[in-house]
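In: take a look and give me a structure for this.
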Amino acid sequence: QVQVVESGGGLVQAGGSLTLSCTSSGRTLSSYGMGWFRQAPGKAREFVAAISWGGGSTYYGDSVKGRFTISRDNAKNKVFLQMSDLKPEDTAVYYCAARPGSGEVKTPSAYTNWGQGTQVTVSS
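Out: You can find the predicted model right below:
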């Protein structure tokens, strides 16, 4: 069983940058595709970014393309989400999740292990 843990959230001004990290206890993340989702109050969970188990393929939601970058370091058992040019509408709880198979990377149901989430707040 893999237990996912996020870190790195916080308060940042609009236009600023923040990097989220994700790691695991139990099994390592290296055999999983990984994804980041976010959920703002009163809104549905939204796909942000995903990366294949080896890091060779990445995917992004339309609202973050060109501003966010997902990466992973399997040797360190970490997945990162670098966020730049942050906007107030990026404010949400950000979740890291593990995908064991080849399901649709943008669909939450394809992910079986979720972290507790980390709050990102962007002030205007």
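
In: against L81, how distant is the residue positioned nearest the centre of the chain?
Out: Centroid-nearest residue in the chain, with CA atoms, centre = their mean: W36, separated by 2.3 Å. As judged by CB to CB, to the nearest Å, W36 and L81 stand 5 Å apart. In short, each C-beta sits where N, CA and C put it, glycine included.

In: what touches both of those two?
Out: With CB atoms under 8 Å, 6 or more residues apart in numbering applied, the overlap between the contact sets of W36 and L81 consists of L20, C22, V48, A49, I70, Y94, C96.

In: filter the residues you listed down to the ones in helices?
Out: For those, membership in helices holds for none, with DSSP state H as the criterion.

In: compare these and tell me which is most surrounded.
Out: Each of the shared contacts of W36 and L81 was scored for neighbours by other CB atoms under 10 Å, and C96 scores highest at 29 neighbours.

In: test my guess that it contacts C22.
Out: Yes - counting by CB atoms under 8 Å, C96 touches C22, with 3.5 Å between them.

In: so what sits against both of those two?
Out: V4, V5, E6, M34, W36, V79, L81, G115.

In: what residues are up against the second one?
Out: Under the criterion of CB under 8 Å, 6+ apart, the contact list for V5 reads C22, T23, S24, S25, C96, G115, Q116.
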